[in-house]
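**Student:** Turn this into a structure:
(chains A and B)
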Amino acid sequence: MPDPIPSRAAAGAMGTTGGDRMPDAMISARGVRQVFRAGGREVVALDGIDLEIQEGEFVCLLGPSGCGKSTLLNAIAGFVPPSAGSLRAGGRPVTAPGPDRAMVFQEYALFPWMTVERNVAFGLELKGAPRAEIAREVDAWLHKLSLQDFRDRYPKDLSGGMRQRVAIARALAIDSPVLLMDEPFGALDALTRRNLQDELLRVWSELRKTVVFVTHGIEESIYLADRVVVMTYRPGTVKRIVPITLPRPRDPASAEFNELKKAVAGLVMEEQLRHQEAEAHGATAD
Amino acid sequence: MRARLVPLLRAVVIPAAVLLLWEGLSRAGRVSPQILPPPSQVLRRWVAYLLPTEPFDPASGESRLLWLVSGELPRDAFGSLQRVLVGFAIGAGLALPLGLLMGAKEWVHQLFDPLVQVLRPIPPIAYIPLSILWFGLGNPPAYFLISLGAFFPVLMNTIAGVRSVDAIYVRAARNLGAGEGVLFRRVILPAATPYILTGVRVGMGVAFIVVIVAEMIAVNSGLGYRILEAREFLWSDKIIAGMLTIGLAGLGIDLGMNALNRRLLRWHRGIEQGR
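**Tutor:** From the prediction side, this is the model:
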């Protein structure tokens, strides 16, 4: 069987989009290490992460649970600063969370006391945008994500898919160059997920935001990304970067797609096995 | 028609039976009317208590509406209600900001918590002697006691409310660019409202108990004072009429609280159930 994945060196060097735009990467991580203390023991969640993400690129962080992909995303978002190494976004070191790196959370994190409209407006209000502009922007985003009929609803009255639409609208409304997404479609049913994936790709191809998308779905990562960053299980490191050059829209039933899927699945499976072994070992050691 | 009538009938059958039995017992002369006057007599007394004491005098220049509520009962009820509201406003007005700070800042909590823990178990009623020494008789000691009664429930629930705010909301707000002030006003405060309103509800209930007791001891008007006064004259019908009025006032406060809850917690999941 031919290996559809190019060698690591080649993959790491190439940015599939935006390569001819800016020499400076939109997001760059150098030697990022993250150590947590859990019950008196040190857990190395991330170690030696080197990663450059170009402007306008769609990158998926893929790996089994416990590989630190969400930890890396939270570090980029500025929620938890790394224990060591450097993290830069938009040319500046990351020191705190900020509206230049809008985040979409798996659990939506909509403010339940605000209507759909107020949720989307919140970030714009914090920017101090004029009232008329806020109204116009909110209108535009509600339409773009087919939410206009739900503007006065509270989040509790929306389905999971609808809530995530609102969360995406809220993140996009502040017009941040970077969109960070933490397993945003993980809790949705397959049909809704595909729907939102397509919608996300549509918005992304229109606005060319830089997207960092965390997922444990192999098919999802290949369907969406320019590059899939496969991570190792604890400590989380970059195992392999897989460029996906299939033209969009991608067909998950096509032969090329499935070949990539098999190859990436192989990589993830190796880490899954390490995970299971580590757990079995941990169980006997404790 | 039938579907509406049957629940209504079920709702009135027990109260009606109790009233009939009570009336029958009293009329049969089984119990002294001084101990338990028949409900019809209580009702007559209640109406007399409710109506204006003086006939309407157009020459006085008073409005007819004011005259209508010039009876003893309306004045008592307004007096008690006003004491509850002022006392509650003072108590809750102090407890809310302190609770927000204690919930959000660990060092503020460390500063105030020991004092709170020592004072909290003292029933507000136990402050009555001190409050009379400090404030004399009349409204001031009542305000003091009622605010004390409202203070701790609002404080404790506000602290719990702030501490229960899901960290994900704080993260989301910071991510969208919220600073400390905005975070407090627009995220932590609204997220804590379900707890705070529980505190308000409990605090209101305590305030209502305290006002009746305070009026029995430290004030010369109000519903609490009136039923104690009626005992001096052995007017058991007026005592019962006063108690019913207290019950109705409590029910009114509770309905008001419900309306406030519904208004402020439209967004909240649990609002349809529970209450």
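**Student:** Tell me how many other residues surround residue 76.
**Tutor:** Going with chain A. Using other Cβ atoms under 10 Å in any protein chain shown, A:I76 has 25 neighbouring residues. C-beta coordinates here come from the backbone N, C-alpha and C atoms, glycine included.
**Student:** Chain B is the one I meant
**Tutor:** Residues near B:D76, counting by other Cβ under 10 Å, number 23.
**Student:** Kindly report the same for B:I209.
**Tutor:** Residues lying near B:I209 (other Cβ under 10 Å) number 16.
**Student:** got any ranges where chain A has weak pLDDT?
**Tutor:** A:1-23, A:282-286 (pLDDT under 70).
**Student:** rerun at 50
**Tutor:** Within chain A, the stretches with pLDDT under 50 are A:1-2, A:7-22, A:284-286.
**Student:** those helices in it, which residues are they?
**Tutor:** Counting by DSSP state H, chain A has helices at residues A:8-13, A:69-77, A:116-127, A:131-144, A:160-173, A:190-207, A:218-224, A:255-285.
**Student:** Now do the contacts for residue 266.
**Tutor:** Picked chain A for this. By Cβ atoms under 8 Å, 6 or more residues apart in numbering or on different chains, no residues touch A:G266.
**Student:** wrong chain, I was asking about chain B
**Tutor:** For B:R266, the contact set (Cβ under 8 Å, 6+ apart) comprises A:Y154.
**Student:** and it, that one's in a helix?
**Tutor:** No: under DSSP: H, G, I helix; E, B strand; the rest coil, B:R266 sits outside any helix and is assigned coil.
**Student:** and the gap between it and A:P112?
**Tutor:** Taking Cβ to Cβ, to the nearest Å as the measure, B:R266 falls 10 Å from A:P112.
**Student:** overlap in contacts of these two?
**Tutor:** Joint contacts of B:R266 and A:P112 (Cβ under 8 Å, 6+ apart) are A:Y154.
**Student:** related to what we said a few turns ago, with distance to A:G40 as extra columns, can I get the helices of chain A in TSV?
**Tutor:** Shown next, in TSV, are the helices of chain A (distance: least, Cβ to Cβ, whole Å):
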stretch	distance to A:G40
helix A:8-13	36
helix A:69-77	20
helix A:116-127	40
helix A:131-144	47
helix A:160-173	36
helix A:190-207	40
helix A:218-224	36
helix A:255-285	15
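**Student:** What parts of chain A come near chain B?
**Tutor:** Contacts of chain A with chain B, taken as Cβ under 8 Å from any Cβ of the partner chain, map to A:77, A:79, A:96-99, A:101-103, A:105, A:107, A:109-115, A:122-123, A:126-127, A:154-156, A:170, A:174.
**Student:** Could I have the ChimeraX command that selects the buried members from these?
**Tutor:** Restricted to buried positions by 16 or more other Cβ atoms under 10 Å in any protein chain shown, the ChimeraX selection for those reads:
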select /A:77,79,97,98,99,101,102,103,105,107,109,110,111,112,113,114,115,122,123,126,154,155,170,174
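**Student:** Tell me which of the residues of chain A next to chain B fall in strands.
**Tutor:** Within those, residues falling in strands by DSSP state E are A:101-103.
**Student:** So which of the residues you listed is the closest to chain B?
**Tutor:** Set against chain B, the nearest of those by Cβ to the nearest Cβ is A:M103 (4.6 Å).
**Student:** The closest one and B:A173 touch, don't they?
**Tutor:** No: if you go by Cβ atoms under 8 Å, A:M103 and B:A173 don't touch, sitting 11.0 Å apart.
**Student:** the bottom helix or strand of chain B by mean pLDDT?
**Tutor:** When the helices and strands of chain B are scored by mean pLDDT, DSSP states H and E, helix B:64-68 comes last with a mean of 80.
**Student:** can you pull the alpha-carbon coordinates of that one into CSV?
**Tutor:** These are the backbone C-alpha positions of helix B:64-68, laid out as CSV (Å, rounded to 0.1, in the frame of the first residue of the first chain):
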residue,chain,number,x,y,z
ARG,B,64,-62.2,59.7,49.2
LEU,B,65,-59.5,57.1,48.4
LEU,B,66,-57.5,58.2,51.4
TRP,B,67,-60.6,58.0,53.6
LEU,B,68,-61.3,54.5,52.3
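**Student:** what does it rub up against?
**Tutor:** Residues lying outside helix B:64-68 but in contact with it, judged by Cβ under 8 Å, 6+ apart, are B:52, B:54, B:56.
**Student:** would you turn those into CSV with pLDDT and neighbour count?
**Tutor:** Converted to CSV, the contacts of helix B:64-68 look like this (pLDDT from 0 to 100; neighbours: other Cβ atoms under 10 Å in any protein chain shown):
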residue, pLDDT, neighbour count
B:P52, 86, 14
B:E54, 79, 10
B:F56, 78, 11
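**Student:** Walking through the stretch 151-275 of chain B, point out its helices one by one.
**Tutor:** Taking DSSP state H, counting those that start in this stretch as the test, the helices found in the stretch 151-275 of chain B are B:167-175, B:180-182, B:189-217, B:223-232, B:236-264.
**Student:** so where's the stretch 1-150 of chain B uncertain?
**Tutor:** Within the stretch 1-150 of chain B, no stretch falls below the threshold (pLDDT under 50).
**Student:** Residue of it closest to chain A, please.
**Tutor:** Per Cβ to the nearest Cβ, B:L100 is where the stretch 1-150 of chain B lies closest to chain A, at 15.9 Å.
**Student:** So what does that residue have for phi and psi?
**Tutor:** The phi and psi values for B:L100, taken as degrees, to the nearest 10, are phi -60, psi -40.
**Student:** The nearest residue to B:F56 once chain neighbours are set aside and B:R45, how far apart?
**Tutor:** With Cβ to Cβ, 6 or more residues apart in numbering or on different chains as the criterion, B:F56 has its nearest non-adjacent residue at 5.1 Å, and that residue is B:W67. Note on B:W67: its distance to B:R45, by Cβ to Cβ, is 21 Å.
**Student:** Compare the two and say which one has the larger neighbour count.
**Tutor:** Using other Cβ under 10 Å as the criterion, B:W67 and B:R45 rank with B:R45 on top: 20 against 16.
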